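# When you get a sec, could you give me coordinates for this:
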Amino acid sequence: MKTFWNTNNGLTQLKEWQPNCWIQVTCPTEEDSQLLEEQYNIPDYFLSDISDTDERARYEYDDGWMLIILRIPYVKEVRSRTPYTTVPLGIIHKRDVTITVCYYETNMMIDFVSFQQKRAEGFTDHVDMIFRLFLSSAVWYLKRLKQISMLIDKAKRNLDREVNNESLIGLSRLQDSLTYFNTSIRGNEVLLSKLKFKLQIDELDADLIEDVNIEMTQARETTNIYSNILESTMDTYQSIINNNMNTIMRTLTSVTIILMLPTLISSFFGMNLINGMETSPIGFAIAIILSLIISVASWAVFRHKRLI
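Numbering: from 1, shown residues only. You can find the predicted model right below:
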């Protein structure tokens with residue numbers, strides 16, 4: 001889907017391209033990609049790089065075109081392997097052409113357009129727009145981190161009631177998501193530090209960059225905090241599982257020993273040897289009583305030592 005936006009006085013939608021407008025491309029089809037390459041002469045590998053979900057945050061120049069790839073948060077299905085992940089957002093610029101391309105429909109871009117329309121000020125230039133996209137991505141990282149924090153608390157409450165595989169798997173998935181977030185945020189920070197020296201920045205842009213730095217730093221530190229908490233939680237519950245397993249094995253071992261003693265006594269009386277009990281009318285009762293006494297005594301000893 002391709003949308004043209006006039007960015008002079010707020011965001012207003014246009015029917016067709018005009019110089020210095022913003023072309024927003026979301027989930028482009030092959031026809032959209034071909035049209036962009038043919039109509040605006042964009043280098044063909046720009047779009048293929050943006051479509052790569054593993055593409056790192058970076059920038060490059062080619063024949064006057066500038067490509068910036070920013071990693072932004074994206075939510076998959078809740079029960080997917082990594083419910084929270086990141087995807088590339090491509091920003092392409094040359095003279096009076098500014099294009100953003102994302103192969104996923106994200107809440108961040110929907111919110112970005114809505115917020116800029118309410119702000120009703122537009123963008124001073126393409127540099128202002130680029131850094132506002134950086135700021136929006138940092139804000140949305142923080143929003144997603146709050147959601148992850150709520151899911152961690154919910155899983156911990158479930159584990160406090162009962163240690164089950166489903167909650168542990170959920171925590172493991174969130175740990176993967178935090179790893180993606182941490183890597184992407186660090187990549188965006190490195191990219192931002194490079195762009196500060198590559199783009200023409202005025203005083204307003206400098207203030208905006210400072211806001212972006214603050215939000216990025218907060219997002220990175222929050223990610224590290226949640227990651228450490230999650231790792232500590234996983235280690236704690238792993239220790240609980242191991243302790244429970246040791247308790248079960250200790251109990252089973254004690255029961256096995258208790259049951260082994262009567263078997264040992266009966267095997268003695270079952271030997272083909274003269275022991276004086278084979279002719280006694282109460283020999284069987286003596287063996288049973290002796291086995292019970294030894295079993296009860298063994299159980300009492302193990303119970304006293306808290307082995308069962």
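# Which element is encountered next along the chain beyond the helix or strand containing Leu261?
Using DSSP states H and E, Leu261 sits within helix 203-269. Sequence-wise, the next helix or strand downstream of helix 203-269 (DSSP H and E) is helix 283-304.
# Can you list the buried residues in that next one?
Buried residues in helix 283-304, defined by neighbour count with 16 or more other CB atoms under 10 Å: 287, 290-291, 295, 298-299, 302. The way it works is simple: take the backbone N, C-alpha and C, and place the C-beta from them, glycine included.
# For the stretch 201-308 of the chain, which residues score under the pLDDT cut-off?
By pLDDT under 70, the weakly predicted segments of the stretch 201-308 of the chain are 203-204, 268-280, 283-284, 307-308.
# and the angle for the helix holding Leu261 with helix 283-304?
Helix 203-269 and helix 283-304 meet at an angle of 160 degrees, taking axes from the mean of the first three to the mean of the last three CA atoms, to 10 degrees as the criterion.
# ok now helix 203-269, how far from the chain's centre?
18 Å (CA atoms, centre = their mean, to the nearest Å).
# helices or strands up against that helix?
helix 126-161, helix 165-198, helix 283-304 (3 or more CB pairs under 8 Å, 6 or more residues apart in numbering; DSSP states H and E).
# what's the closest of the buried residues of helix 283-304 to Thr183?
Phe302 (52.1 Å; CB to CB).
# So Leu67: helix, strand or coil?
Following DSSP: H, G, I helix; E, B strand; the rest coil, we place Leu67 in the strand state.
# Now for it: which residues touch it?
Counting by CB atoms under 8 Å, 6 or more residues apart in numbering, Leu67 touches 43, 46, 49, 59-61, 90-92.
# Quick check on the residues you listed: which are buried?
46, 49, 59, 90-92.
# Reformat the helices and strands packed on helix 203-269 into TSV and put distance to Thr100 next to each item.
Converted to TSV, these look like this (distance: least, CB to CB, whole Å):
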stretch	distance to Thr100
helix 126-161	7
helix 165-198	15
helix 283-304	71
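# So for Leu264, which of the ones you listed sits nearest?
Using CB to CB, those put helix 283-304 closest to Leu264, at 8.8 Å.
# Send me the closest one as CSV with only the CA atoms.
What follows is helix 283-304, C-alpha atoms only, in CSV (Å, rounded to 0.1, in the frame of the first residue of the first chain):
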residue,chain,number,x,y,z
GLY,A,283,7.6,-69.8,61.4
PHE,A,284,5.7,-67.9,58.7
ALA,A,285,4.2,-65.6,61.3
ILE,A,286,7.6,-64.9,62.8
ALA,A,287,9.0,-64.0,59.4
ILE,A,288,6.1,-61.6,58.8
ILE,A,289,6.3,-60.0,62.2
LEU,A,290,10.1,-59.6,61.9
SER,A,291,9.7,-58.0,58.5
LEU,A,292,7.1,-55.6,59.8
ILE,A,293,9.2,-54.6,62.8
ILE,A,294,12.3,-53.9,60.6
SER,A,295,10.2,-52.0,58.1
VAL,A,296,8.6,-49.8,60.7
ALA,A,297,11.9,-49.2,62.4
SER,A,298,13.5,-48.2,59.0
TRP,A,299,10.5,-45.9,58.3
ALA,A,300,10.9,-44.3,61.8
VAL,A,301,14.7,-43.7,61.2
PHE,A,302,14.1,-42.2,57.7
ARG,A,303,11.3,-40.0,59.1
HIS,A,304,13.4,-38.8,62.0
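# Sweet, I'm off.
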